[in-house]
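Trainee: Compute the structure for the input listed below.
(2 chains)
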Amino acid sequence: MKRFDKDRLVLGIAAPLLAIVAALIVTSLVILSAGDDPMRAFAVMADYGSKSDSQVWIINKAVPYYLSAIAVAIGFRMNLFNIGVDGQYRIAAFFAAVVGGSLALPGIIQIPLIIVVAMFVGAVWAGIAGLLKTTRGVSEVISTIMLNAIAASVIGYFLQPSRLAVKEENLIHTPYLPDTSHFFEIPTTPKPVEGFIVVAVIVGVLYWFLLGRTRFGFDLRAVGQSESAALASGVSVKRMVVTSMVLSGTAAGLVGMPTLLGSSYNYGTDFPAGIGFTGIAIALLGRNHPVGMALGALLWGFLERTGGQLEFEGYAQEVVGVMQGVIVLCVVIAYEIVRRYGLKSQQRKVGAQLAAQARKTEKAEVSA
Amino acid sequence: MANHDIDITVRRGTVHALVGENGAGKSTLMKILYGMQKPDEGTIAIAGEQVSLHSPADAIARGIGMVHQHFMLADNLTVLENVVLGAEKPYGIAGRARAKVKEISDAYGLNVRPDVLVEDLGVADRQRVEILKVLYRGARTLILDEPTAVLVPQEVDALFDNLRELKAEGLTVIFISHKLGEVLSVADDITVIRRGTTVASVVPAETTPRQLAELMVGSELPSPETRESTVTDRPMLGVEDLKLCATDPDGTVREVLDDITFTIHQGEVLGIAGVEGNGQAELVEAIMGMRDPDGGTIVLNGADISHEPTRLRRESGIGYIPEDRHRHGLLLEAPLWENRILGHVTEKPNSNGSLLDLKAARADTERIVRDYDVRTPGIEVTAASLSGGNQQKLIVGREMSHDPKLLIAAHPTRGVDVGAQAQIWDQIRQARREGLAVLLISADLDELIGLSDTLRVMYRGRLVADADPATITPEELGSAMTGAASGHLEHPHDAAQNGGGDR
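Mentor: All right, here's what the predicted structure looks like:
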């Protein structure tokens, strides 16, 4: 028994290690081919990334990434590809900002209200894709991508001074949230860490608990592994599709909250976009594992932070983009290789162990 | 080590059967011969020349071809396209290829129609396409992995005719099977493999199925079952006028189940015979709640469950041994203990309220592994790494662990070795004595006749005939399965007049 567990641990570490080494090699080659020194580039990144203001920046950046990755991972565990996290979090943040900007309740009521509105809107937006899939058989990949575009148009329509927004110099944004609705911060130097990291940690724990320890989670994973077996086991696959899309959308609704409640306090034309797609990469990187995705989110933040610095040092900033892409590719390939190898070696071991057992009993029979 | 000290000599122009329990190492040996796995020790010689096979391509180049148990065909391509796919070099993809396919088909009596879509073919036809594919690639030695597992008796005979044809043309066939009667009828030589090594080589003329089975299991077989009726008068499952429609790809609505009426009592095994694809799978799915019937009622233990969800039916006491365990019975990449939870997630010991009880589930998995003799080094290994027979034992153990009132057993011993087969039969009999009602669906007529208290024959979505398992022979049953006979099979003439055959 022990031996299998140890093997699993070794295999578990082998994959990310393999991926990172491969990614470093490929990136080095890219930098080399541009006529630069890869070692110096890595040194710059390590040096700059470990500065304390960088660390705060990276952590704050990683929080929405992590939430986005969780939203994507809920879909992945069930074999659904929710590309629509991007649209879901944006439309969710927009309406949450509108609601928050028009009320002036005490923070203890208003902050949860804003968050609930965001989760609700995200859930509805993702739920549409779930319903389309179960009732009309529309692939969630297609519908969520379309819903991204629709979300952008809806926001564009309402985000006008005559409708739900105000104009401030060149920027158009929703009215500011009242000061009471600002989320708490964790005082660190030189800059504070956003308090929403607490929510992210809670969401991560909930994700782990829900999927790994509850009946619902078991059903969800069963559908993800084999729809036919899940159906035969008594899971209503259709209902599960809608439920998991709604859950994914609920998590997606949180993605914009650290920004809304922690730094921008409104939804404007400059509200960060594209975190939904980053979430896909991080979910892949972290293999849908709550801790893995946290590390992935931090790595992503690190790369973005240090990428800017590379430019000052005379490197092309695109190097970091290449690196991110290569890491995701390498991770996916490495995990698949390790998974196949693991499955095969396990099969071999089962066979070997049984043969050994058989021989032992045979000998015992002979001597008896 | 899955195999050790394997010695096997196959003569050219013969059919050589390889028999052994599941997990005995037949598949590993085949993989080695087909270049999918490399041996650690020992040698392989083809026509006296020592070879080392690194990949299936090597094997094909040396004239070894393999017909897998699970067909590897593209449904949406024609037969010709499937045959040519991946072997475009020798004869091109058009006229010459077609001529070659025709030529091979005629030479060996395979009767293959090159322009039919594979999705329109039945199982037996698909198998012939697979054989043709191998021959097209120039194979002189064919490995067939349990080719008869999916066929009905008539189709098996046709396959054996094909094999004899191949043999007559000087080709060599290596034939893997569990069904000893078949092996004896078609093979020229038989090699028995047990626990990873070859234990005997025999010729069919000098052996009997019983001796062969004992060689495979390594001990004397239990004596045949004693038939004592445990049927009670308390109905457990009542199905009345059940009707189910399906829409074909071309839009026409077809009745796949019609006018199905039967009752299973506590302690009764009702066997359904029939050629595959006559509605048995749909019947099981309707009773399990995976498909919603278009008419009729299903009553379990007095409660109407006709339109209830699958989970409720399972909780009400239906156990299910599915026909296709990989598709419906297991999560292949999940560990054994998660597979033990599958299908019974709402029941003890797997969960407490809405939370899983991992500790209890693991402990109970250990118990199933022990009590049902699932051969595995532990419960953390994936279901995929177990052999077919052991996977099936795990499923049987799981389903029996929740005190089912009704057990639906679809081909419970398909692809399962003799030892496990006897064990599964025993468990069904044991549970029947304790008042379990069983719906048994099987293509193995001996199994049906041996286990059932009542027999029904299904043909084109209807129950067309019934029979008393105490007096019926497999041949009589076989003819009813093709629609040639109906009614009560002891009195074919009377029954033919009132058609349905329900008594």
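Trainee: What helices and strands are in contact with the helix or strand residue A:93 falls within?
Mentor: For residue A:93, the enclosing helix or strand under DSSP states H and E is helix A:85-102. For helix A:85-102, the contact count by 3 or more C-beta pairs under 8 Å, 6 or more residues apart in numbering or on different chains; DSSP states H and E identifies helix A:52-76, helix A:107-136, helix A:140-158, helix A:237-255, helix A:257-259, helix A:275-285 as packing neighbours. Any C-beta I mention is one placed from the backbone N, CA and C, and that applies to glycine too.
Trainee: how about the ones you listed in JSON lines, adding distance to chain B and mean neighbour count?
Mentor: Output for the helices and strands packed on helix A:85-102, formatted as JSON lines (distance: least, C-beta to the nearest C-beta, whole Å; neighbours: other C-beta atoms under 10 Å in any protein chain shown):
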{"stretch": "helix A:52-76", "distance to chain B": "14", "mean neighbour count": "25"}
{"stretch": "helix A:107-136", "distance to chain B": "15", "mean neighbour count": "20"}
{"stretch": "helix A:140-158", "distance to chain B": "21", "mean neighbour count": "18"}
{"stretch": "helix A:237-255", "distance to chain B": "9", "mean neighbour count": "25"}
{"stretch": "helix A:257-259", "distance to chain B": "28", "mean neighbour count": "25"}
{"stretch": "helix A:275-285", "distance to chain B": "18", "mean neighbour count": "25"}
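Trainee: What distance do you get for the spatially closest residue to residue A:121 that is not a sequence neighbour to chain B?
Mentor: Once its chain neighbours are removed from consideration, residue A:121 has its nearest residue in residue A:92; the separation is 4.2 Å (C-beta to C-beta, 6 or more residues apart in numbering or on different chains). Distance of residue A:92 to chain B, computed by C-beta to the nearest C-beta, to the nearest Å: 27 Å.
Trainee: follow-up on the earlier one: and the helix holding residue A:93, what's buried?
Mentor: A:85-101 (16 or more other C-beta atoms under 10 Å in any protein chain shown).
Trainee: chain center to that helix: distance?
Mentor: In terms of C-alpha atoms, centre = their mean, to the nearest Å, the centre of helix A:85-102 is found 19 Å from the chain centre.
Trainee: Kindly report the same for stretch A:286-300.
Mentor: Counting by C-alpha atoms, centre = their mean, stretch A:286-300 is centred 7 Å from the centre of its parent chain.
Trainee: now stretch B:382-393
Mentor: Taking C-alpha atoms, centre = their mean, the mean C-alpha location of stretch B:382-393 is offset from the chain mean by 14 Å.
Trainee: For the stretch 201-350 of chain B, what lies in contact range of chain A?
Mentor: The stretch 201-350 of chain B comes close to chain A at residues B:288-290, B:309-315, B:320, B:322, B:327-334, B:338, B:341-346, as judged by C-beta under 8 Å from any C-beta of the partner chain.
Trainee: orientation of the helix holding residue A:93 relative to helix A:52-76 in degrees?
Mentor: Direction vectors for helix A:85-102 and helix A:52-76, defined by axes from the mean of the first three to the mean of the last three C-alpha atoms, to 10 degrees, enclose an angle of 110 degrees.
Trainee: Please save the CA atoms from helix A:85-102 in PDB.
Mentor: Taking C-alpha atoms only, helix A:85-102 is exported to PDB below (Å, rounded to 0.1, in the frame of the first residue of the first chain):
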ATOM      1  CA  VAL A  85     -15.600  33.000 -17.100                       C
ATOM      2  CA  ASP A  86     -14.400  36.200 -18.700                       C
ATOM      3  CA  GLY A  87     -17.800  37.500 -19.700                       C
ATOM      4  CA  GLN A  88     -19.300  36.200 -16.500                       C
ATOM      5  CA  TYR A  89     -17.100  38.100 -14.100                       C
ATOM      6  CA  ARG A  90     -17.300  41.300 -16.100                       C
ATOM      7  CA  ILE A  91     -21.000  41.400 -16.300                       C
ATOM      8  CA  ALA A  92     -21.200  40.300 -12.700                       C
ATOM      9  CA  ALA A  93     -18.800  43.100 -11.600                       C
ATOM     10  CA  PHE A  94     -20.600  45.600 -13.600                       C
ATOM     11  CA  PHE A  95     -24.000  45.000 -12.100                       C
ATOM     12  CA  ALA A  96     -22.500  44.700  -8.700                       C
ATOM     13  CA  ALA A  97     -20.900  48.000  -9.200                       C
ATOM     14  CA  VAL A  98     -24.100  49.600 -10.300                       C
ATOM     15  CA  VAL A  99     -26.000  48.200  -7.300                       C
ATOM     16  CA  GLY A 100     -23.200  49.200  -4.900                       C
ATOM     17  CA  GLY A 101     -22.900  52.700  -6.400                       C
ATOM     18  CA  SER A 102     -26.600  53.400  -6.000                       C
END
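Trainee: Show the average pLDDT along that helix.
Mentor: Helix A:85-102 shows a mean pLDDT of 93.
Trainee: can you check stretch A:140-153 too?
Mentor: If you average the per-residue pLDDT over stretch A:140-153, you get 94.
Trainee: In the stretch 301-450 of chain B, what residue spans correspond to strands?
Mentor: Ranges of strands within the stretch 301-450 of chain B are B:303-304, B:318-321, B:351-352, B:355-356, B:406-410, B:437-441, based on DSSP state E, counting those that start in this stretch.
Trainee: looking at those strands, which is closest to residue B:372?
Mentor: Go through the strands of the stretch 301-450 of chain B one by one with C-beta to C-beta and the one that ends up closest to residue B:372 is strand B:318-321, at 12.4 Å.
Trainee: That closest one pairs with which strands, and in what direction?
Mentor: Looking at strand B:318-321 with DSSP bridges, its partner strands are strand B:406-410 (parallel).
Trainee: angle of the partner strand against strand B:437-441?
Mentor: With the same axes, to 10 degrees as the basis, strand B:406-410 and strand B:437-441 are set at 10 degrees to each other.
Trainee: From residue B:19, how far off is the residue of the stretch 51-200 of chain B found nearest chain A?
Mentor: When C-beta to the nearest C-beta is the measure, the stretch 51-200 of chain B has its nearest residue to chain A at residue B:195, with 4.0 Å between them. If you measure residue B:195 against residue B:19 using C-beta to C-beta, to the nearest Å, the figure is 14 Å.
Trainee: Of those two, which one has the most company?
Mentor: Using other C-beta atoms under 10 Å in any protein chain shown as the criterion, residue B:195 and residue B:19 rank with residue B:19 on top: 29 against 21.
Trainee: Now name the helix or strand holding that one.
Mentor: Residue B:19 is located in strand B:15-20, with elements delineated by DSSP H and E.
Trainee: Between strand B:15-20 and the helix or strand just after that strand, find me the angle.
Mentor: Next in sequence after strand B:15-20, counting helices and strands by DSSP H and E, comes helix B:26-33. For the pair helix B:26-33 and strand B:15-20, the angle between their directions (the same axes, to 10 degrees) equals 130 degrees.
Trainee: now for helix B:26-33, which elements pack on it?
Mentor: If you count contacts as 3+ C-beta pairs under 8 Å, 6+ apart, helix B:26-33 packs onto strand B:15-20, strand B:141-145, strand B:172-177.
Trainee: let's see 7 Å
Mentor: Helix B:26-33 makes packing contacts with strand B:141-145 when contacts are defined by 3 or more C-beta pairs under 7 Å, 6 or more residues apart in numbering or on different chains; DSSP states H and E.
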